[in-house]
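Student: Curious how this folds, go ahead:
(chains A and B)
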Amino acid sequence: MQKLGVNDKEFVKEVTPRSEDFSQWYLDLVLKTELMDYAPVKGCMAIRPYGYAIWENMQRLLDKRIKATGHKNAYFPLFIPESLLQKEAEHVEGFAPEVAMVTHGGNEKLAERLVVRPTSEAIICSMYAKWIQSWRDLPVLINQWCNVVRWEKNTRPFLRTSEFLWQEGHTVHSTDEEAEEETLKMLGVYKDFVENELAVPVISGLKTEKEKFAGALRTYSIEALMADGKALQAGTSHNLGQHFAKVFDIQFLDKDKQLKFAWQTSWGVSTRLIGAVIMVHGDDRGLRLPPQIAPIQVMVVPIITKKKKEEVLDRARNLLSDFGDTLRIEMDDREEYSPGWKFNEWEMKGVPLRLEVGPRDLEQGGVSAVRRDTGEKMFIADGELPLLLPSLLVDIQENLFRQARDFREKNTSRVDSYDQLKETIQEKRGFVRAFWCGEGRCEEEIKNETKATIRCIPFPEGDQETGLCCFCGKQHSKMVYFARAY
RNA sequence: CGGGGCGUAGCGCAGUUUGGCAGCGCACUUGGUUUGGGACCAAGGGGUCGCCGGUUCAAAUCCGGCCGCCCCGACCA
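Tutor: You can find the predicted model right below:
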């Protein structure tokens, strides 16, 4: 391999530069790269093939992990009788403002309104109550991939849509300890998946009472930092305790002949992760997709000229047949577009690696390659391709993660006073580490004034440091992460 | 739900102030010449001007009502 420098030419401006207007950049990008399009109903989007392919790759990689930890997939109904949703007090209070209701079937008014699921605890628990009698029926480890609907006031493609796709795991256990273990195990699965497949580094920890899931005993989350300095909750795992078991009557006869309420968990990640990938890795030229989830990992652009057309196309086709079994490799041999147009197009669409095959490359017995993550150009001799292509993709994947982690480190601040907290959130954004006493009142006032929320209380590393609450000054406060969030 | 912006060809827009043939760029179709960082020439196709009503000889344009989308807030994966 011969390095040929870095491509730093300015690209054609179809997308608002990220530095100029992050929000507009994001919207331009998701539309221009054909990830999605707006649908006729507010907050609803069509996920186009290129966007859906990313989701399919995410599904495949996460589903494998979910199954490897002993879970099985199932499917539960879209409609939930209103009375079921209302059983758990906190749950209904949290979700009632944003549920869509079906009131009619055909022309007839329904006897009971049906909620279009905003999440499936209620319907699943009503089924679990029928399926669980004995300790021998436990644990129940079920996941489902589906759509849910939440009537949001403010929507944004992928980050917050009225309908979105996700997976939700719902498990039932015989003890508190086992449920807690499951909750943490799945949070760990999410962290592993998001960091290794999406190349997005995350902080994991416990949510505060105020931020926890409606109906949960405890919520844990993984939190990522976007390139504009705002945080995004990338996944949640809830220990539901016995809250739902008690109202849905999920009881089992234990080994000690006692009738007991079961312990439950639920956990989910959604198509929001596509938004995270865009906002963490994207740049002024467009998307930068991690190879693990990129619909196209390698795009071959044949440089077609009048004289050498067939030779060039033959070589390009050979590349597809040589590597088509091991890589997601495609060729853009459209003759109505110039090579330059294609370079920009596939860079905007975030394809990790581009191979150019032209008359010059044929003469030299190799291909030109350009990395999307660095813009680096190189010449690769034909014989080196089988080893270099996979290793370049690994390298790109790791580099994207490293860049994102470095960005997060640079944008994580440690503050000791409330004034510093306010100033940092205002000026620098990013994650801000500060001590917090655990009081909802402090949390609330900080949020009202700074718009920053406690993203999570991180898991203690070694001897946990404590200090004075940055707001009220109380001793033995814990270190938490603050940030403005999506 | 509050504040702001916008609805005219697939996309981006002009035209609305001062009523008078519905336009421009890109995209699309056909033919030709091209092709190593968004090629060029020529000829074409495409419209319920968001919807309903009113004023008028005449409405994209004026008036009234409604609907939708986007952005910023408050609420949320």
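
Student: wait, what's in contact with the residue most central in space within chain A?
Tutor: Most central in chain A under Cα atoms, centre = their mean is residue A:273, positioned 2.0 Å from the mean C-alpha point. Residues in contact with residue A:273, defined by Cβ atoms under 8 Å, 6 or more residues apart in numbering, are A:58, A:194, A:198, A:200, A:234, A:235. Quick note: C-beta positions are derived from backbone N, CA and C, even for glycine.

Student: the helices in the stretch 201-350 of chain A, which residues?
Tutor: Secondary structure of the stretch 201-350 of chain A, counting by DSSP state H, counting those that start in this stretch: helices at A:243-248, A:272-281, A:309-323, A:339-348.

Student: quick revisit: in terms of pLDDT, where does the residue nearest to the centre of chain A sit?
Tutor: Looking at residue A:273, its pLDDT reads 96.

Student: Could you dump the helices of the stretch 201-350 of chain A into CSV and include distance to residue A:404?
Tutor: Putting the helices of the stretch 201-350 of chain A into CSV (distance: least, Cβ to Cβ, whole Å) gives the following:
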stretch, distance to residue A:404
helix A:243-248, 36
helix A:272-281, 5
helix A:309-323, 27
helix A:339-348, 19
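
Student: Show me what the longest helix belonging to chain A is packed up against.
Tutor: Longest helix in chain A, counting residues (DSSP state H): helix A:385-410. Counting contacts by 3 or more Cβ pairs under 8 Å, 6 or more residues apart in numbering; DSSP states H and E, helix A:385-410 packs against helix A:272-281, helix A:309-323, strand A:353-357, strand A:366-371.

Student: what's the closest non-adjacent residue to residue A:195?
Tutor: Using Cβ to Cβ, 6 or more residues apart in numbering and skipping the chain neighbours, the partner closest in space to residue A:195 is residue A:201 (5.8 Å).

Student: actually residue A:19, sorry about that
Tutor: Counting by Cβ to Cβ, 6+ apart, the residue nearest residue A:19 is residue A:284, at 6.9 Å.

Student: Which parts of chain A belong to which domain?
Tutor: Chain A is divided into the following domains under automatic domain parsing: A:2-11+A:292-408, A:22-281, A:412-483.

Student: out of those domains, deepest packed?
Tutor: domain A:22-281 (a mean of 19; mean count of other Cβ atoms under 10 Å).

Student: measure that domain end to end?
Tutor: Domain A:22-281 stretches 13 Å from its first residue to its last (Cα to Cα, to the nearest Å).

Student: Pick out the residue in the stretch 351-486 of chain A sitting closest to RNA strand B.
Tutor: residue A:358 (2.1 Å; Cβ to the nearest atom of the strand).

Student: quick one: that residue from residue A:315, how far?
Tutor: 9 Å (Cβ to Cβ, to the nearest Å).

Student: Show me what the helix or strand encompassing residue A:102 is packed against.
Tutor: Using DSSP states H and E, residue A:102 falls within strand A:100-105. Packing partners of strand A:100-105 (3+ Cβ pairs under 8 Å, 6+ apart): strand A:108-116.

Student: Give me the mean pLDDT for the strand it packs on.
Tutor: Strand A:108-116 comes out at a mean pLDDT of 90.

Student: Can you tell me what sits against it?
Tutor: If you take Cβ under 8 Å, 6+ apart as the criterion, strand A:108-116 is touched by A:78-83, A:85, A:99-104, A:149.

Student: Out of those residues, which is nearest to RNA strand B?
Tutor: residue A:149 (8.4 Å).

Student: Please give me every residue in contact with the residue in chain A sticking out farthest from the centre.
Tutor: Most distant from the centre of chain A: residue A:307, at 47.4 Å, with distances by Cα atoms, centre = their mean. Going by Cβ under 8 Å, 6+ apart, residue A:307 touches residue A:359.

Student: how near is it to RNA strand B?
Tutor: 8 Å (Cβ to the nearest atom of the strand, to the nearest Å).

Student: Ok, residue A:167 next?
Tutor: Counting by Cβ to the nearest atom of the strand, the gap from residue A:167 to RNA strand B is 12 Å.

Student: swap in residue A:320?
Tutor: Residue A:320 is 17 Å from RNA strand B, by Cβ to the nearest atom of the strand.

Student: List the contacts of that residue.
Tutor: A:300, A:329, A:330, A:331.

Student: dump the residue contacts of the first one.
Tutor: Looking back up the chat, that one is residue A:300. A:316, A:319, A:320, A:329, A:330, A:331, A:332, A:354, A:355, A:356, A:357.

Student: was I right about the last one contacting residue A:314?
Tutor: By that I understand residue A:357. No - contact criterion Cβ atoms under 8 Å: residue A:357 and residue A:314 do not qualify, at 9.5 Å.

Student: Below-threshold pLDDT in the stretch 301-450 of chain A: ranges please.
Tutor: For the stretch 301-450 of chain A, no stretch has pLDDT under 70.

Student: What parts of the stretch 101-250 of chain A come near RNA strand B?
Tutor: A:150, A:152-156, A:159-162, A:164, A:213-214, A:233, A:236 (Cβ under 7 Å from any atom of the strand).

Student: repeat that for 6 Å
Tutor: Counting by Cβ under 6 Å from any atom of the strand, the stretch 101-250 of chain A comes close to RNA strand B at A:150, A:152, A:153, A:154, A:155, A:156, A:160, A:161, A:164, A:213, A:233, A:236.

Student: Out of those residues, list just those in strands.
Tutor: Here DSSP state E is the test, and these give A:164, A:233, A:236 as lying in strands.

Student: any chance of those residues in JSON lines, plus pLDDT?
Tutor: JSON lines is the format used below for these (pLDDT from 0 to 100):
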{"residue": "A:164", "pLDDT": "92"}
{"residue": "A:233", "pLDDT": "95"}
{"residue": "A:236", "pLDDT": "97"}
